[in-house]
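Student: Provided below are the primary sequence and the corresponding predicted coordinates.
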Amino acid sequence: MNKEVYIYLFVMAAVTYLIRVLPLTVIRGEIKNRRVRAFLYYVPYVTLAVMTFPAIMESTGSQAAGLAALAAGVALAWFGGSLFQVAVLCCAVVFAVNFLLTM
Amino acid sequence: MRRSDAEVFARGVRDAVPIMLGYFAVSFTLGIAAKNAGLTPFQAFVSSLTQASSTGQFAGYMMISSCASYAAVALMIFVANARYMLMSCAMSQKLAPGTPLRHRLAVAAYLTDEIFGLSVTKPSPVNPYYSYGMAACAVPGWSVGTLLGVVAGNVLPGNVVDALSAGIFGMFIAVIVPPARGDRTIALLIAVSMAASFAFSRFNPLGISSGTRTIILTIAIAGAAAFLFPPKEGEAGE
């Protein structure tokens, strides 16, 4: 397993770097195709949303804690909370809800 | 390095201090995810140093823990990090046209969301040493935070680890929600994505892993959205 992990890490680093370096070095002009631009524009939102839910309910100890953290995080981010503030709030909500559930 | 480059580098270091602090906290929870996937502290440190990409690293850890194929991991990383292609395109317009290749190769290495975000707020052309200064400050925070997340994740009580695990999701939420406020298409996409992901996780007769599920849903939903809602000119790629 340990040997394989380094191959995984190499693949991850190589692909990440290629994505970042290719447009910056190869494509000097602007991407014109509207569909491709739109796809790339939407990808991060879809990927992050898919990875957040329902995983947030499965890896935080209890479903109630995960749901509460999701709701609180969305509310704070909506009203201008920073990345750091939202992350801290989600952690605090999970801790508080799990604490109340086990009292 | 010329003297003016050294000054620009120092300004990059100063400007990136808030990024470094935020990275440290968030990468700590990423380290917990790495630990859950079976990585050693050193492996997690190396992955942060060589990628500096929360989404990609988190997705990669999920794939490692489900023993995915290397090709699937490569595809997953491509999908999870596809936004960097847009940032890289935009950065190519921010650098002076005559910027040598070695600078382009180096700037690309740490083109993270936050470093890109600070870069585009500067007037063109951006001096590559500004990027290097930001990276020199922010990336150690990211890498050491990941390392400590793996180490301390082993000694912290379970309820604290559960709480810190929410941090990475909080970061994702903080990235996707603010743009949704001004763009109904994005808000709709987020809702559809979460609903589809939930449905997929509850009804999964083929036993598809969560990493593969992310690839399939991303390509399907973002692809459909690109067909249904092509952005107006000048909207995408900012």
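Tutor: It's in. Numbering: from 1, shown residues only, chains lettered A, B, ... in the order given.
Student: so what secondary structure elements neighbour the helix or strand of chain A with the lowest mean pLDDT?
Tutor: When each helix and strand of chain A is scored by mean pLDDT, DSSP states H and E, helix A:34-52 comes last, with a mean of 85. On a contact count with 3 or more Cβ pairs under 8 Å, 6 or more residues apart in numbering or on different chains; DSSP states H and E, helix A:34-52 meets helix B:54-65, helix B:70-80, helix B:83-94, helix B:158-182, helix B:184-202, helix B:210-228. In this view, the C-beta of every residue, glycine as well, is placed from N, C-alpha and C.
Student: could you give the angle of the second one to helix B:54-65?
Tutor: Which is helix B:70-80. 160 degrees (axes from the mean of the first three to the mean of the last three Cα atoms, to 10 degrees).
Student: and helix B:70-80, C-alpha only, in CSV?
Tutor: Extracted C-alpha coordinates of helix B:70-80, given in CSV (Å, rounded to 0.1, in the frame of the first residue of the first chain):
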residue,chain,number,x,y,z
TYR,B,70,-4.4,5.6,-11.5
ALA,B,71,-6.3,6.5,-14.6
ALA,B,72,-9.5,7.2,-12.5
VAL,B,73,-7.4,9.3,-10.1
ALA,B,74,-6.0,11.3,-13.0
LEU,B,75,-9.5,11.9,-14.4
MET,B,76,-10.8,12.8,-11.0
ILE,B,77,-8.0,15.3,-10.4
PHE,B,78,-8.6,16.8,-13.9
VAL,B,79,-12.3,17.3,-13.2
ALA,B,80,-11.8,18.6,-9.6
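Student: quick one: buried residues of that helix?
Tutor: Neighbour-count burial for helix B:70-80, counted by 16 or more other Cβ atoms under 10 Å in any protein chain shown, picks out B:72, B:73, B:74, B:75, B:76, B:77, B:78, B:79, B:80.
Student: out of the helices and strands packed on helix A:34-52, which is closest to residue B:2?
Tutor: Closest to residue B:2 of the helices and strands packed on helix A:34-52, according to Cβ to Cβ: helix B:83-94, at 19.9 Å.
Student: picking that back up, out of the buried residues of helix B:70-80, which two sit at the greatest distance?
Tutor: B:72 and B:80 (12.1 Å).
Student: and the contacts of the longest helix anywhere in chain A?
Tutor: Among the segments of chain A that qualify as a helix by DSSP state H, the longest is helix A:2-25. The contact list for helix A:2-25 (Cβ atoms under 8 Å, 6 or more residues apart in numbering or on different chains) reads B:38-40, B:43, B:46-47, B:50-51, B:53, B:56-57, B:60, B:63-64, B:70, B:73-74, B:77-78, B:81-82, B:84-85, B:87-89, B:91-92, B:95, B:101, B:104-105, B:107-109, B:111.
Student: just the buried residues of helix B:70-80 that are near chain A?
Tutor: B:73, B:74, B:77, B:78, B:79, B:80 (Cβ under 8 Å from any Cβ of the partner chain).
Student: shouldn't the fifth one be in contact with residue B:215?
Tutor: Yes. In this structure residue B:79 lies within contact range of residue B:215 using Cβ atoms under 8 Å: 5.2 Å.
Student: count the residues that sit near residue 16.
Tutor: In the absence of a named chain, this looks at chain A. 27 (other Cβ atoms under 10 Å in any protein chain shown).
Student: my bad, chain B
Tutor: Applying other Cβ under 10 Å, we find 24 residues neighbouring residue B:16.
Student: from residue B:158, how far off is it?
Tutor: The gap separating residue B:16 from residue B:158 is 34 Å, by Cβ to Cβ, to the nearest Å.
Student: ok, how many other residues are close to residue 21?
Tutor: All of this is about chain A. 19.
Student: can you look at chain B instead?
Tutor: 15.
Student: distance of it from residue B:114?
Tutor: Distance, residue B:21 to residue B:114, by Cβ to Cβ: 11 Å.
Student: nearest to residue A:41, of the buried residues of helix B:70-80?
Tutor: Nearest to residue A:41 among the buried residues of helix B:70-80, counting by Cβ to Cβ, is residue B:79 at 14.0 Å.
Student: how about low-confidence regions in chain B?
Tutor: B:1, B:231-238 (pLDDT under 70).
Student: how does it divide into domains?
Tutor: Per the TED database, the structural domains of chain B span B:3-164, B:183-230.
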